[in-house]
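**Q** Starting from these lines, generate the structure:
(2 chains)
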Amino acid sequence: MSAAAPMISSIRSESLPIRGQGRVLSNVVDRNGRKLRLAVPDWPGSIPGQFVMVGTGATASVPRHDPLLPRPMAVYRDLGATPECRDSERAFELLYRVVGRGTTLLSEAQPGESVSIVGPLGEGFPVEESDAPALLVGGGTGIASLYELARALAATGRSTRVLLGARAEADLIGFDDFAALASEGVELICATEDGSVGVEGRITLPLEAALTESGPGALVVAVGPTPMMRACADMAGAKGVDCLVSLENPMACGFGVCLGCAAPRAEGGFSLVCKAGPVFDAREIAWEGLP
Amino acid sequence: MSSDQDGVLRTSVATNGTNASTTKCTATVDERVEFAGIPLRNAVLTASGTFGYGTEFAPFLDLEKIGGFVAKSLTLEPRFGNPPPRIGETPSGMLNAISIENVGVRAFLEEKLPALPEGVVVIASAFGTAPEIYAELASQVSGHPRISGIEINASCPHVKSGGIEFGQDPKLLAELVATVRKATTGSLLVKLSPNVTRIADMAKVCEAEGADGISMINAVQAMEVDVETRRPILSNILGGLSGPAIRPIALRMVWQAAQAVKIPICGVGGISSAEDAVKFMLCGASAIQVGTANYLDPGVAGRIAEGLANYAARHGFARVADLTGALETG
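**A** As a prediction, the model looks like this:
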């Protein structure tokens, strides 16, 4: 590995995380997912790729311990002081899918209720100018990690393409938001396994075409299910292209103490996804050791 | 969880029938406790393995608002833990099998301790595979001016060798405590495993061999299965259950141990509110440790300390220490 190009480092935010209560501004259906907008007092803002730990559902008036653990979720859109914000509140959105008890409860949080958050957490994506394109590949809820990154990369003038993969059109959460980024110069390509939108097949098909076209200076960012990230990383690696990923390991705290989110490193040992990541150079990860 | 605590404070004001603010309420109560020879500004510590090396909590909690913390268990050399998955959620609890991943005693003393603000009470936790290793760790840390005491982790439920072996066999536990006792004159605590038949016997062993205090309980050995994959949810298969699910078990064991020994007990196990802390003190604990709740709400230990003093004030106790053993059973 040492003979290859240097690893790309994730970026540490200058803001310290806070623990607070987010006021639910809206919690709406987005295709087969949901979009939760929270206004959080003294929210310090996030950099692309950072995440928050979100309580499972509205903060109850009496203690509730089940489900116990908060859920890590990427900051999808960091909106700053929107007209709905009061005083020191700043708003951001989470894009999620109802997959279990925690997210079911979260989907029931009503406007005006509170949801506990800790964040922003983790290290984010480097955003660098380049003549070579950035190819951002998203699948599942990993899509949520790419919105602010796409905007930030496009704002540097870099050619930025978002490639979203799903089984079917209904699974393409965030699609409308990404489509609207065309006005900021972000190109959107989709692949669905049933062919209902875009290319029929997996997202690696249009990725391969884009990589062939773009040459070695390109950057691949892949966020989604582990097999998708690994396939993208392998494809980028075979072409000598840098690839960043954002891992989604389960974690209890999000700030480096539970040690639950350890990901095996290619060089041996482990990295904490919450502190050293969630953004990693794909070559840092021992993929075969990820569950 | 902050709203839970707010609820406590509002109740207290209403019960008093006065406009006394929280600060005024707590100002009348002496929050200080002495635990195993360690003077603490209040009875709330945080549990080993749930509080890192302290600095991780600086954004969320004034470390000088809590009694102190027990640092992540140390081994003589840095140590990596188990492969993932290391944690999983269970009803009102979580399972973990981290396996004592830590920076090692040298990095702890040279890098982690100096990064902490002065005035923070730090208790080191030691883990080993033989009594001599624990003793070596104890002698390395106990002379350090920033270390107020040492807690023997005789109860890690998911390490293949060491830890729980000592905590489950009275003879091995006696040998361990006696060996470490010879290595340090500082405050010596033993963290007991709940995975035993008679907890009082284990507490008596600690007392007989010269321990200054007991922390109890460590995680309850447990297991969970994913039926879709037909696999255990942890790579280690077995793990330690923590969180509110184990609190009544911990409370029972603290009560039983407190009946059996005179050395002080630090109550640990699922504490996530001031009421929980009060329960442990009533059952005989002189101090408490907040564990898994730190993950969910990194500021919770500070609010538990406030709530504890508030409870004492509301119930007419001049000192929080007077709550210890104040359970009415008649």
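**Q** Would you point out which residue of chain B is nearest chain A?
**A** Closest residue of chain B to chain A, Cβ to the nearest Cβ: B:Ile87 (3.4 Å). In short, each C-beta sits where N, CA and C put it, glycine included.
**Q** For stretch A:92-100, buried residues please.
**A** Applying a neighbour-count criterion of 16 or more other Cβ atoms under 10 Å in any protein chain shown, one finds A:92-98 buried in stretch A:92-100.
**Q** quick one: which of these sit in helices?
**A** Judged by DSSP state H, the subset of these located in helices is empty.
**Q** How about B:Ala200: what's its closest non-neighbour residue?
**A** B:Ala260 (3.7 Å; Cβ to Cβ, 6 or more residues apart in numbering or on different chains).
**Q** For the one you found, give me its contacts.
**A** B:Ala260 makes contacts with B:200-201, B:203-204, as judged by Cβ atoms under 8 Å, 6 or more residues apart in numbering or on different chains.
**Q** Looking at these, state which has the most neighbours.
**A** Of those, B:Ala203 is surrounded by the most neighbours, 25 neighbours in total, counting by other Cβ atoms under 10 Å in any protein chain shown.
**Q** From B:Asn218, how far off is it?
**A** From B:Ala203 across to B:Asn218, the span is 14 Å (Cβ to Cβ, to the nearest Å).
**Q** and for the two, which residues touch both?
**A** B:Leu192.
**Q** show me where the chain has helices.
**A** Using chain A here. Going by DSSP H, chain A shows helices at A:101-107, A:147-155, A:175-180, A:204-214, A:226-238.
**Q** Let me rephrase: I mean chain B.
**A** B:2-16, B:22-27, B:105-107, B:131-142, B:164-168, B:170-183, B:199-208, B:247-260, B:274-282, B:293-296, B:300-314.
**Q** what does the fourth one contact?
**A** Contacts of helix B:131-142 from elsewhere in the structure, counted by Cβ under 8 Å, 6+ apart, are B:74-76, B:105, B:108-109, B:124, B:126-128, B:147, B:150, B:152, B:166, B:175-176, B:178-180, B:182-186, B:188.
**Q** Only the buried residues of it, if you could.
**A** Taking 16+ other Cβ under 10 Å as the criterion, helix B:131-142 shows B:131, B:133-138, B:140-142 as buried.
**Q** dump the residue contacts of the most centrally placed residue in chain A.
**A** For chain A, A:Ser145 is the residue whose C-alpha lies nearest the centre (Cα atoms, centre = their mean; 1.9 Å). A:Ser145 makes contact with A:48-49, A:51, A:74, A:138, A:223, A:246, A:278, according to Cβ under 8 Å, 6+ apart.
**Q** what two of these are the furthest from one another?
**A** Pairwise distances across the contacts of A:Ser145 peak at 14.7 Å for A:Phe51 and A:Gly138 (criterion: Cβ to Cβ).
**Q** got a pLDDT number for A:Val257?
**A** What the model reports as pLDDT for A:Val257 is 97.
**Q** what's the answer for B:Val13, then?
**A** For B:Val13, pLDDT reads 33.
**Q** Sweet, I'm off.
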